[in-house]
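Trainee: I would like the atomic coordinates for the input below:
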Amino acid sequence: MAFRTLLIDDEQDCLELLKWQLEKYCPGMKVIATCNSAEQGLEAIEKMAPEIVFLDVEMPFMNGFELLRRVKEINFEVVFTTAHDAYALKALKLNAVDYLLKPIAKDELITAVEKAQHMLGIKSMEGRQVTLASLQNLTQLSQKKIAIPMQDSILFLKIEDILYVESESNYSSIFIKNRKPVVVAKTLRHFEDLLNGHRFFRVHASFLINLAEVSEFRKSDGGSVVMTNGAEVKISRSRKDDFLDLL
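Mentor: Residues are numbered from 1 along each chain as shown. Below is the predicted model of the structure:
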């Protein structure tokens with residue numbers, strides 16, 4: 001099986017070199033297109049549905065981070081490439097598979113490809129987990145855990161330990177009891193579907209909360225809830241009545 005791979009870089013020689021490296025050292029990759037601008041890359045992502053995208057950070061008019069913000073749904077793995085290391089932390093926060101400095105070393109490229117292929121395998125397994133969850137809901141069985149794909153592992157979370165999920169664009173932060181939040185490249189709609197039937201309610205376009213973890217409702221400023229960890233979450237006016245009915 002060859003993974004559909006897209007290369008985006010404004011420097012043509014970098015595109016050609018990376019394509020040659022992938023073909024020589026990573027036989028499991030199929031380069032479906034090369035794009036020498038962010039605009040071309042964005043169009044190719046929407047039309048060609050790549051599984052892995054090698055994305056240059058510094059490009060004119062629109063950099064790699066801005067390109068990702070314009071993608072409707074990030075359902076592919078991202079490997080950033082750049083001549084500078086100043087963006088490494090931001091790349092990691094965006095849940096990138098890897099971050100490669102130019103000129104790209106053979107061993108580092110192979111490692112990045114292996115990580116991306118591993119993550120795609122996890123996503124396939126996660127899809128089967130979601131299907132199983134749907135069947136369990138239909139038979140009124142209680143699913144006690146959900147699987148969250150991380151960079152090098154799968155995190156299994158008890159549903160009862162999830163306080164709330166906050167989204168920003170195509171990424172979501174999962175706030176959990178007694179541990180740091182987990183950031184994943186999934187939309188809030190993904191978690192709304194996954195947690196359906198487990199008393200989670202979307203109180204706002206950006207927030208999905210565990211109703212069992214609400215400690216206080218505040219009427220001021222249109223309405224908000226305080227969660228058991230002390231966080232205050234706004235309730236949108238359009239969802240306020242439905243929320244109060246559930247309580």
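Trainee: Every contact and neighbour count from this point should use C-alpha atoms.
Mentor: Fine.
Trainee: Following the chain past the helix or strand of the chain with the lowest mean pLDDT, name the next helix or strand.
Mentor: Least confident helix or strand, the chain: helix 88-93 with a mean of 57, by mean pLDDT, DSSP states H and E. Sequence-wise, the next helix or strand downstream of helix 88-93 (DSSP states H and E) is strand 98-101.
Trainee: what's that next one packed up against?
Mentor: The helices and strands touching strand 98-101, judged by 3 or more C-alpha pairs under 8 Å, 6 or more residues apart in numbering; DSSP states H and E, are strand 77-82, helix 88-93, helix 106-138.
Trainee: can you do 7 Å?
Mentor: Contacts defined by 3 or more C-alpha pairs under 7 Å, 6 or more residues apart in numbering; DSSP states H and E place strand 98-101 against strand 77-82.
Trainee: partners of the strand it packs on in the sheet?
Mentor: Using DSSP bridges, the strands paired with strand 77-82 are strand 52-56 (parallel), strand 98-101 (parallel).
Trainee: Pick the most deeply packed of those.
Mentor: Comparing these by mean neighbour count (mean count of other C-alpha atoms under 10 Å), strand 52-56 ranks first with a mean of 25.
Trainee: For the residue positioned nearest the centre of the chain, which non-adjacent residue is closest in space?
Mentor: For the chain, the residue nearest the mean C-alpha position is residue 185 (0.5 Å; C-alpha atoms, centre = their mean). Leaving aside its sequence neighbours, residue 185 sits nearest to residue 171 (C-alpha to C-alpha, 6 or more residues apart in numbering; 4.5 Å).
Trainee: from memory that neighbour sits against residue 186, does it?
Mentor: Yes - Residue 171 lies in contact with residue 186 (C-alpha atoms under 7 Å); the separation is 5.1 Å.
Trainee: still on that earlier bit, with distance to residue 193 added, can I get the strands paired with strand 77-82 in a markdown table?
Mentor: A markdown table is the format used below for the strands paired with strand 77-82 (distance: least, C-alpha to C-alpha, whole Å):
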| stretch | distance to residue 193 |
| --- | --- |
| strand 52-56 | 25 |
| strand 98-101 | 29 |
